[in-house]
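**Student:** take this sequence and fold it.
(chains A, B and C)
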Amino acid sequence: MSGRDRSHESEDEPVLEVRNLVTRFYTEEGTVKAADGSSFDLYEGETLGIVGESGSGKSVTALSVMQLIDDPGRIENGEVYYRGEDLLAKSEAEMRDIRGNDIAMVFQDPMTSLNPVFTVGQQIMRVIRTHQDVSQSEARSRAVELMADVGIPEPEERVDDYPHQFSGGMRQRALLAMAISCEPDLLIADEPTTALDVTIETQIFNVLDDLQEKYGMSIVLITHDLGVVAGTCDRVAGEPAPPLHSRPDALDTPAPGRHRPTHAHRGGRAESHGAPVRMFVPSAVSPRNRGVPRVRPGTPGGRTRQGGGVHPRARLRRVRDCSGGVR
Amino acid sequence: MATDDASAEYDAGQSLGDHRSQFEMFWREFRRNTLSIVGGLLIVTMILIAALAPVVAPHDPVRQFDAPDGEHNPMPPGTEMTVKNSDGEAVGTMTAYLGTDNHGRDILSRSIYGLRTLLTVSLGVVLFAMIIGVTAGAIAGYYGDTWIDEIIMRFMDVLFSFPSLILAIAVLGVLGVGKTEYGDFVLPNLVKIIVVIGVVYIPSFARVMRGSVLKEMEEDYVDAAKSLGASDAHILVKDVAVNTIPTVVVQGTLYMGTAVLASAALSFLGLGIQPPKASLGLMLSNARGYLYSGEWWFSVFPGVVIVFAILGFNLLGDGLRDALDPHHTEEAAE
Amino acid sequence: MSMARYVLKRLLLVVPVLTGVSLVVFGLVHLSPGGPVRVMLGPLQSEELVAQIRTELGLDEPLYVQYATWLWDAFHADFGTSWTVQQGTPVLELIAERVPLTLELSILSMLLALVIAIPTGIISAVRQDEAADHAARIAALTGISVPNFWLGIILIMVFAVQFSFSWGTGGWTPPWVDPVANLQQLFLPTIALGTAYSALIMRMMRSEMLDTLNKDYIKTARAMGISTREVILKDASKNALIPVVTVIGVGLGNLMNGAIVTETVFNLPGIGKLLIIAIDRRDFRVIQALVLFVSIVFVFANLAVDVLYAYLDPRIRYEGRD
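**Tutor:** Residues are numbered from 1 along each chain as shown, chains lettered A, B, ... in the order given. Predicted structure coming up:
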């Protein structure tokens, strides 16, 4: 798939459009294709799941969208449009205005994602004051509000706590508060619950759901955990394709159809809390061939030696009709 | 992503029973670092020169040569000096490539013998600290959290509380330079110097060793072995040794740099090896009297030799440490 | 509240260490064969004189009595009077008049080291494996490998002799008498002493920065739109500086070491020079007092660093809370 081809999705413009994104890492051991030809669209107010094995390049895709790929990584190819604007053409300064303000991101491990030497409040306030012209005290009361929004009890007191005084779940809430502090249109959640207990996981998804309802943002949810998919999207079909060079036969082997057939049209998606949910999974199927997804059972959580690029021909295939909402 | 995999591999290499691949990893990492190879070559060269000093040095370090004016005056590098026999008859000439000192002695030869002295003392210092420290640490770790451990480690804390050179200077000052005689017991100067410099390095080795033993003691098989009458003590020794030797060697190499610096400093203060033995520190101390009269070669050459020795050990130590721990987690925060 | 408890806990740990230090320092004198008086007087003096002085100095008492007396006096800052350095002058006075120089030299060197090392370390880490990084690392490696006494000698030779630079070649004017002359005198010694230290801190700063820059919270801050500059200077640097603080404390002890040698090279009348004179003249009281003094400073510098570390790192500051 090349070029900017949005004609078939004409009814409304996607919030985020990713086309054929290729990111490579040039290490001493050789070149690692981390994100290889990902393509997907994300529409207003919906939640898009990107499912794939660990190391299949999901996080790198997200970081590439944010333009946070550092040496030795490089975005080699592809297009990223945010509300029709080409993000890859933006300068670092322009991207800075977008990050946290229009597109925000939370990462996998809440234990290490907050700076240990600043209070939680300071860190939220800083994001607010980076993007908005508000006073210290306004930012503070906004931070307290946000902490209440994400369900942190006694936010007036906990705003002055340091991250280590928070539990893992509370830290992820704090990170969510930080991420939504400037009311972004798009939130990328990269495995937000992988590092947390199952009980906490449900709570975090509830918070995400509530936030989406309140702020009406679109969400990209990255996960390797089919449990999340199974538990949240009843009619999701499809499983991640393993990196091809570790299993050279994958492309030619049609997988047992553990999936349920899905519809090929966006119109078919289900609504839940007014938040439509779709799932994308990388698979060795041509994007044009959506009607008959050929998938194979993956081994979620498996680790691949070479950084596990997805096969060149693998695409992020859209899976629809995901009811039940993200929980 | 790539680093994730590297760390997975590294952890695998760390696990017990995989010592071979651990060593291969180590060697691969080490070889990749040009600077540590340079350091290693520098050290090997210097050790060879020092060990073969009698062969390598062109002249006897204490032999005096005559300047062209017939005196034992300091002459600049490259001067042709007259060699006389014991009867005072000129029997030939020699070229002093690095010049001569105020006694007409060859700086090159003195530097080579000085290096020999310096490396001997420094190696002695580190070996002394290593042997005592490792033993004390092993005992403390084996009796972990008992009064024996407590006493040993408190004592280490005390030793750690002395700025290194101060204690050495004070002890040498009290005992006086040269050999010390306690009745029939004679404490040679070299041993004395090694002990007083080395004593403050003991705690570092003890701490590493204790930590390693403590960690090993938590393993299940140790309990099992103990309950069976501790007949498997050698397994403990072997595992601890395999896990600790690399760390101790790296620490020893890094401390070599420090030991060279300390020995040279002590020598410079006149508290180290005594004349007429050649010592680089003493040569520099002597050079202080000639700073204004232009005999720059007095101070430059011995100093350069010291710098190369320290640099070599630092490069090598850095390389070994990085190869041992590619992620370079500093132990600073204990 | 919990910070106070931490300081208290840390202070209590100092007690056994200081007891040990005092024992070692006291024992020092008795290491010498024939006892301190014999060594002080030399082999030529008669046994009678030695015995007489021993009695006068209380060295005939049992060791534990001597130790108790010495410790008691030391607690009252009474180290007796000097025997041979400056007969009759209280040892404390001798030390007190020389401390300002050593302290000033140490602090100036430390400041110089920090001013050079912190920015260099940050730049080196941010520009990892670029030319600037290589240059800085090689400079730092050389820096830690050059003995300060040799650097001092070279500095004197190059500046004082070649360029007839009259600064820093002996003597000391207190800063409160003539600050300009004072700084001129300490200019070269500060460079000689600060260089190696600067190299040490730079290496530490660099490696801590590299470590910190890979942390998730750096990624988070950048994902929130914080500028790279701010992320480096605020988020990363503050975290990286915390461990560097510990080196500063350990380094203070090393600076004392360095000061002894540097004072000898530059002929500065500080406590290092005093120690050398005292050793030369076998003035045991002065030696004892000096070693005790320097060790106590070292112990408390380390204590101060631990407390500072705890204060800077909230994870330790709030230890025990919750």
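**Student:** check residue 275 and give its pLDDT.
**Tutor:** The chain I'm using is chain A. Per-residue pLDDT puts residue A:275 at 42.
**Student:** wait, I meant chain B there
**Tutor:** The predicted local confidence for residue B:275 is 79.
**Student:** how many neighbours does residue A:103 have?
**Tutor:** 27 (other Cβ atoms under 10 Å in any protein chain shown). Where you see a C-beta, it was placed from the backbone N, CA and C, and this is true even at glycine.
**Student:** so it makes contact with residue A:81?
**Tutor:** No - checked against Cβ atoms under 8 Å, the pair residue A:103 and residue A:81 is beyond contact range at 12.0 Å.
**Student:** intersection of neighbour lists for the two?
**Tutor:** By Cβ atoms under 8 Å, 6 or more residues apart in numbering or on different chains, residue A:103 and residue A:81 have these common neighbours: residue A:16.
**Student:** for the stretch 151-300 of chain A, which residues are neighbours of chain C?
**Tutor:** A:162, A:164, A:165, A:175, A:178, A:179 (Cβ under 8 Å from any Cβ of the partner chain).
**Student:** need the residues you listed in TSV with secondary structure and pLDDT, can you?
**Tutor:** Compiled in TSV, those are given as follows (DSSP: H, G, I helix; E, B strand; the rest coil; pLDDT from 0 to 100):
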residue	secondary structure	pLDDT
A:162	coil	89
A:164	helix	88
A:165	helix	88
A:175	helix	91
A:178	helix	90
A:179	helix	89
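**Student:** turn those into a markdown table, including neighbour count and distance to residue C:188.
**Tutor:** A markdown table is the format used below for these (neighbours: other Cβ atoms under 10 Å in any protein chain shown; distance: Cβ to Cβ, whole Å):
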| residue | neighbour count | distance to residue C:188 |
| --- | --- | --- |
| A:162 | 21 | 45 |
| A:164 | 17 | 46 |
| A:165 | 17 | 50 |
| A:175 | 30 | 53 |
| A:178 | 29 | 51 |
| A:179 | 28 | 55 |
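**Student:** stretch C:89-102 near chain B anywhere?
**Tutor:** No - for stretch C:89-102, no contact with chain B is found by Cβ under 8 Å from any Cβ; the gap never falls below 11.9 Å.
**Student:** scratch that, stretch C:133-153
**Tutor:** Yes - Stretch C:133-153 reaches chain B (Cβ under 8 Å from any Cβ) through C:141, C:142, C:144, C:145, C:146, C:147, C:149, C:150, C:153.
**Student:** how much space separates the closest residue to residue C:6 other than its chain neighbours from chain B?
**Tutor:** Nearest non-adjacent residue to residue C:6, counting by Cβ to Cβ, 6 or more residues apart in numbering or on different chains: residue C:310, 5.5 Å away. Applying Cβ to the nearest Cβ, to the nearest Å, the value for residue C:310 to chain B is 12 Å.
**Student:** host element of residue C:310?
**Tutor:** helix C:284-312 (DSSP states H and E).
**Student:** which elements pack onto that helix?
**Tutor:** With contacts taken as 3 or more Cβ pairs under 8 Å, 6 or more residues apart in numbering or on different chains; DSSP states H and E, helix C:284-312 sits against helix B:164-175, helix C:2-29, helix C:63-75, helix C:91-126, helix C:237-266, helix C:271-280, helix C:314-317.
**Student:** could you dump the ones you listed into CSV with mean neighbour count added?
**Tutor:** Converted to CSV, the helices and strands packed on helix C:284-312 look like this (neighbours: other Cβ atoms under 10 Å in any protein chain shown):
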stretch, mean neighbour count
helix B:164-175, 24
helix C:2-29, 16
helix C:63-75, 13
helix C:91-126, 20
helix C:237-266, 23
helix C:271-280, 23
helix C:314-317, 17
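**Student:** rank those by pLDDT, which is bottom?
**Tutor:** Minimum mean pLDDT among these: helix C:314-317, a mean of 67.
**Student:** tabulate the residues of stretch C:133-153 next to chain B (CSV), appending distance to residue C:63.
**Tutor:** Putting the residues of stretch C:133-153 next to chain B into CSV (distance: Cβ to Cβ, whole Å) gives the following:
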residue, distance to residue C:63
C:141, 48
C:142, 48
C:144, 42
C:145, 44
C:146, 44
C:147, 38
C:149, 37
C:150, 42
C:153, 43
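**Student:** who wins on neighbours among those residues?
**Tutor:** residue C:149 (29 neighbours).
**Student:** buried ones in stretch A:192-206?
**Tutor:** Using 16 or more other Cβ atoms under 10 Å in any protein chain shown as the burial criterion, the residues of stretch A:192-206 that qualify are A:192, A:193, A:194, A:195, A:196, A:200, A:201, A:203, A:204, A:205.
**Student:** for those residues, which one is nearest chain C?
**Tutor:** Taking Cβ to the nearest Cβ as the measure, chain C lies nearest residue A:195 of those, at 10.5 Å.
**Student:** and the closest one, what's its pLDDT?
**Tutor:** 79.
**Student:** and if you look at the one 4 residues further on?
**Tutor:** Here the pLDDT value assigned to residue A:199 is 82.
**Student:** now residue A:31
**Tutor:** 77.
**Student:** likewise residue B:103?
**Tutor:** 77.
**Student:** how near is it to chain C?
**Tutor:** 19 Å.
**Student:** so that residue, which state does it fall into?
**Tutor:** coil (DSSP: H, G, I helix; E, B strand; the rest coil).
**Student:** was I right about it contacting residue B:72?
**Tutor:** Yes - using Cβ under 8 Å, residue B:103 is in contact with residue B:72, at 5.3 Å.
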